[in-house]
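Chemist: Next one to model:
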Amino acid sequence: MSSTEPPGVRSASEASPQVGAVHVAEGEQLRTAVLPGLELAVRSRPPVRTGLPPALFVHGLGGSSTNWTDLMAQLEDSVDGEALDLPGFGWSPPPADRDYSVTALARAVIRHLDAAGRGPVHLFGNSLGGAVSTRVAAVRPDLVRTLTLISPALPELRVQKSAVPTALLAVPGMASLVGRLTRGLSAEERTRGVTALCYGDPSRVSQEGFAHAVAEMERRMALPYFWDAMTRSSRGIVDAYTLGGQHGLWRQAQRVLAPTLLVYGGRDQLVSYRMARKAAAAFRGSRLLTLPEAGHVAMMEYPEAVAQAFRELLHDTDPDTHDTHDTLGIRNTEDGRG
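Modeler: Predicted structure coming up:
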């Protein structure tokens, strides 16, 4: 480690206590933020110029900060971006209290923002990260400039059949059963299954990207807390779906003050496309981008389209920000391209 690095910063080449090798894309940096009872890996992409507003990206269940690599690259001339590995995912170890509820994960995001002093930020969330980001924006509006939610995991009365196996992980004993039933699957087979579930068109994944995903899957499966993190996080989503009153996610969506961009994929197998209209009504003054060919991770499939929509939001809500791109309007796209 360089003597010029502040405490808590780990260079990408430094040995890690976790298994496997860390992948850091060109232009990215990885550091560790250490807080009492909590350690978070933070992936960042330095902006192309100083003075750009800060942004924070929060991944979904089973994901990591690498899910935001392409979008952060698209937005490097618009924001100063950081992406977290939530506790127990990516390169972040489990939380000391093993609490993976949506409330606990939101608290981890808030603690990071308070400690880093970067707020208010442009907050992005996908899936579980969308639920977490909704809660953060509702309870700490001072920390959020704008909110961008990509297939947020908000309560649905009629869950899609393809999402049921994920929900079943919340059932006691189910994770160990799934582990036994899938023990013979290779990391490559598991990765193909996840890709088929999360992408509208799995062929959009490059060979290099797939190879990195396989290596990451192999690394995660070797972690002793892998299934515990998945099980408890799944249970956290289910519990959040059942909460009513002021703690309900839809009620909190109505309390969000930040200008909000909603992104939904027409081929999403985990969050129903039909929820887009309900979400647009819940988040006051929100704008909606629908990508009919996208799946659950539109920021990975169509980062250009998502970046275009965010720049429009940024242009309309932050007059002091001047990005280098022409202003591009938000629209529903029939071919999934921006």
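Chemist: Contacts only, for the closest residue to Ala229 other than its chain neighbours.
Modeler: Nearest non-adjacent residue to Ala229, counting by C-beta to C-beta, 6 or more residues apart in numbering: Gly88, 3.4 Å away. Heads up, the C-betas are built off the backbone N, CA and C, glycines and all. Shown in contact with Gly88 (C-beta atoms under 8 Å, 6 or more residues apart in numbering): 94-95, 100, 225, 228-229, 232-233.
Chemist: Who are the contact partners of Leu288?
Modeler: Per C-beta under 8 Å, 6+ apart, neighbours of Leu288: 261-264, 276, 279-280, 330.
Chemist: again, 6 Å this time
Modeler: 262, 276, 280 (C-beta atoms under 6 Å, 6 or more residues apart in numbering).
Chemist: Next: Arg190.
Modeler: Counting by C-beta under 6 Å, 6+ apart, Arg190 has contacts Met217.
Chemist: Let's see that with 10 Å instead.
Modeler: 182, 213-214, 217-218, 220-221 (C-beta atoms under 10 Å, 6 or more residues apart in numbering).
Chemist: any idea how far Arg284 is from it?
Modeler: 40 Å (C-beta to C-beta, to the nearest Å).
Chemist: Where does pLDDT dip in the stretch 201-338 of the chain?
Modeler: Scanning the stretch 201-338 of the chain for pLDDT under 70 picks out 319-338.
Chemist: sorry, back to before: does the residue nearest to Ala229 sit in a helix, a strand or a coil?
Modeler: Secondary structure, DSSP: H, G, I helix; E, B strand; the rest coil: Gly88 is coil.
Chemist: Pop out the phi and psi values for it.
Modeler: Backbone torsions of Gly88, given as degrees, to the nearest 10, read phi 90, psi 0.
Chemist: distance of it from Met300?
Modeler: Counting by C-beta to C-beta - Gly88 and Met300 are separated by 21 Å.
Chemist: hang on, the earlier thing: which of the contacts of Leu288 count as buried?
Modeler: 262, 276, 280 (16 or more other C-beta atoms under 10 Å).
Chemist: need the helices for the stretch 201-338 of the chain, in chain order.
Modeler: 207-221, 226-242, 249-255, 275-282, 298-301, 303-317 (DSSP state H, counting those that start in this stretch).
Chemist: Arg43 against Ser65, yeah?
Modeler: Yes. Between Arg43 and Ser65 there is a contact under C-beta atoms under 10 Å: 3.9 Å.
Chemist: Quickly list what's touching both of those two.
Modeler: By C-beta under 10 Å, 6+ apart, the residues touching both Arg43 and Ser65 are 28, 30, 57, 72, 82-85, 90-91.
Chemist: Quick check: closest non-adjacent residue to Arg192.
Modeler: Pro202 (7.7 Å).
Chemist: thought Ala276 was touching Gly265?
Modeler: Yes. Judged on C-beta under 10 Å, Ala276 makes contact with Gly265 at a distance of 9.4 Å.
Chemist: Give the residues shared as contacts by those two.
Modeler: Joint contacts of Ala276 and Gly265 (C-beta under 10 Å, 6+ apart) are 151, 289-290.
Chemist: Pick out the one among these with the largest number of neighbours.
Modeler: Ser151 (30 neighbours; other C-beta atoms under 10 Å).
Chemist: wait, that residue sits on Asp268?
Modeler: Yes. With contact defined as C-beta under 10 Å, Ser151 reaches Asp268; the gap is 5.5 Å.
Chemist: Need the overlap of contacts for the two.
Modeler: By C-beta under 10 Å, 6+ apart, the residues touching both Ser151 and Asp268 are 127, 198, 275-276, 294-298.
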